[in-house]
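J.: Sequence first, predicted coordinates after that:
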Number of protein chains: 2
Amino acid sequence: ALSLTTLASAQVKPEDQIRYRQAGYSFMSWNMGKIKTNLEGSYNKDQVIAAANAIAGIANSGMGALYGPGTDKAIGNVKTRVKPEFFTDGDNVGKIARDFNAAANELAKVAASGDAAAVKTAFGEVGKNCKACHDKYRLED
Amino acid sequence: ALSLTTLASAQVKPEDQIRYRQAGYSFMSWNMGKIKTNLEGSYNKDQVIAAANAIAGIANSGMGALYGPGTDKAIGNVKTRVKPEFFTDGDNVGKIARDFNAAANELAKVAASGDAAAVKTAFGEVGKNCKACHDKYRLED
């Protein structure tokens, strides 16, 4: 859950928390891109399953622990695009995070079925949740 | 499979391929760290399951596609630590990749059981495979 600070996070340096969360989002975006390519071109069921499982695995990994104290601003040369509101809008951030997890799990589920039309719908729902968070909580480039 | 260049990879710019593979490894290392913390301190079954699933999801995502043409050297300010041998030792790289995937899947499987001793063994096997690849194919910092 996004608001949980775990034991493990307490031991990760703030600059590494920023790096790890950016890595997680970045890797999800590669996998979202692969699913998009499959939906637009020829559909490879196994590639979509693998991509959806990577996204769900990352979505469920407890990334909230990577928003610990001191991670709201750049640390040395480790920049961050998180907005201050992320740390104060707990309820709304938690809601987006839960919706996002549910959408990512649904995408993994329908990917396994190989039904491209269902994957298209579920993929759209995941994308909506990425965007919902970015619109409110991520600074422009 | 590590030697496969997929349609999707053909459409990802070389500098982004480098960024995405680094992101994948980096996010796995955060999750390996969490499992280690759980094995050394108090064991939280759900956290270990989530971490193991993230690692397996990334391991199975077809990262071989992120080693396309032009990704063997730095591109502008996007540096890479991959050694040239990675691109010529196909058979051995493929073997390590397969062993690594198998170990990651085993870790996810035993994590679900909640048996900390079995997780410890499976975790060690995953770590061996990370190291096997780094020893041969990753430059020192």
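T.: Noted; the coordinates are in hand. Numbering: from 1, shown residues only, chains lettered A, B, ... in the order given.

J.: Contact residues of chain A facing chain B?
T.: Chain A has residues A:6-8, A:11-12, A:16, A:19-20, A:22-24, A:26-27, A:30-31, A:33-34, A:37-38, A:41-42, A:44, A:47, A:50-51, A:53-58, A:60-62, A:66 near chain B, with proximity defined as CB under 8 Å from any CB of the partner chain. Quick note: C-beta positions are derived from backbone N, CA and C, even for glycine.

J.: ok, now with 7 Å
T.: Residues of chain A lying near chain B by CB under 7 Å from any CB of the partner chain: A:6-8, A:11, A:19-20, A:23-24, A:26-27, A:30-31, A:33-34, A:37, A:41, A:47, A:50-51, A:53-54, A:56-58, A:60-62.

J.: which of these are buried?
T.: Among the residues of chain A next to chain B, those classed as buried by 16 or more other CB atoms under 10 Å in any protein chain shown are A:6, A:8, A:19-20, A:23-24, A:26-27, A:30-31, A:33-34, A:37, A:47, A:50-51, A:53-54, A:56-58, A:60-62.

J.: Nearest residue to the residue of chain A found nearest chain B in space, please, no chain neighbours.
T.: Using CB to the nearest CB, A:Gly57 is the residue of chain A that sits closest to chain B, at 2.7 Å. Once flanking residues are discounted, A:Gly57 sits nearest to B:Gly57: 2.7 Å by CB to CB, 6 or more residues apart in numbering or on different chains.

J.: Then A:Thr121?
T.: In space, A:Thr121 is closest to A:Val110, 7.8 Å off (CB to CB, 6+ apart).

J.: if I pick that neighbour, what's in contact with it?
T.: Going by CB atoms under 7 Å, 6 or more residues apart in numbering or on different chains, A:Val110 touches A:Ala118, A:Val119, A:Ala122.

J.: Roughly how far does it sit from A:Ala122?
T.: Distance of A:Val110 to A:Ala122, given as CB to CB, to the nearest Å: 5 Å.

J.: so A:Met63 touches A:Arg21, yeah?
T.: Yes. Here A:Met63 reaches A:Arg21: they are 5.7 Å apart, a contact under CB atoms under 7 Å.

J.: Can you name the next helix or strand after the helix or strand bottoming out on mean pLDDT in chain A?
T.: Among the helices and strands of chain A, helix A:7-10 carries the lowest confidence by mean pLDDT, DSSP states H and E, at a mean of 50. Counting by DSSP states H and E, the element after helix A:7-10 in chain order, helix or strand, is helix A:14-40.

J.: For burial, what's the neighbour tally of A:Ile126?
T.: No Ile there; residue A:126 is Val. With neighbours defined by other CB atoms under 10 Å in any protein chain shown, the count for A:Val126 comes to 26.

J.: right, and it touches A:Glu106 too?
T.: No. Between A:Val126 and A:Glu106 there is no contact under CB under 7 Å: 8.1 Å.

J.: Now do the same for the residue with the largest distance to the centre of chain A: helix, strand or coil?
T.: Seen from the C-alpha centroid of chain A, the residue lying at the greatest distance (CA atoms, centre = their mean) is A:Ser42, 25.6 Å away. Classification of A:Ser42 using DSSP: H, G, I helix; E, B strand; the rest coil returns coil.

J.: Read off the pLDDT value for it.
T.: Per-residue pLDDT puts A:Ser42 at 93.

J.: Against A:Ala112, how distant is it?
T.: Separation of A:Ser42 from A:Ala112 (CB to CB): 19 Å.

J.: same check, this time on A:Phe100
T.: Distance from A:Phe100 to A:Ala112, by CB to CB: 19 Å.

J.: tell me which element the residue nearest to A:Ala52 when sequence neighbours are not counted falls in.
T.: Spatial nearest neighbour of A:Ala52, excluding adjacent residues (CB to CB, 6+ apart): A:Ala111 at 3.7 Å. Element membership for A:Ala111 (DSSP H and E) is helix A:90-113.
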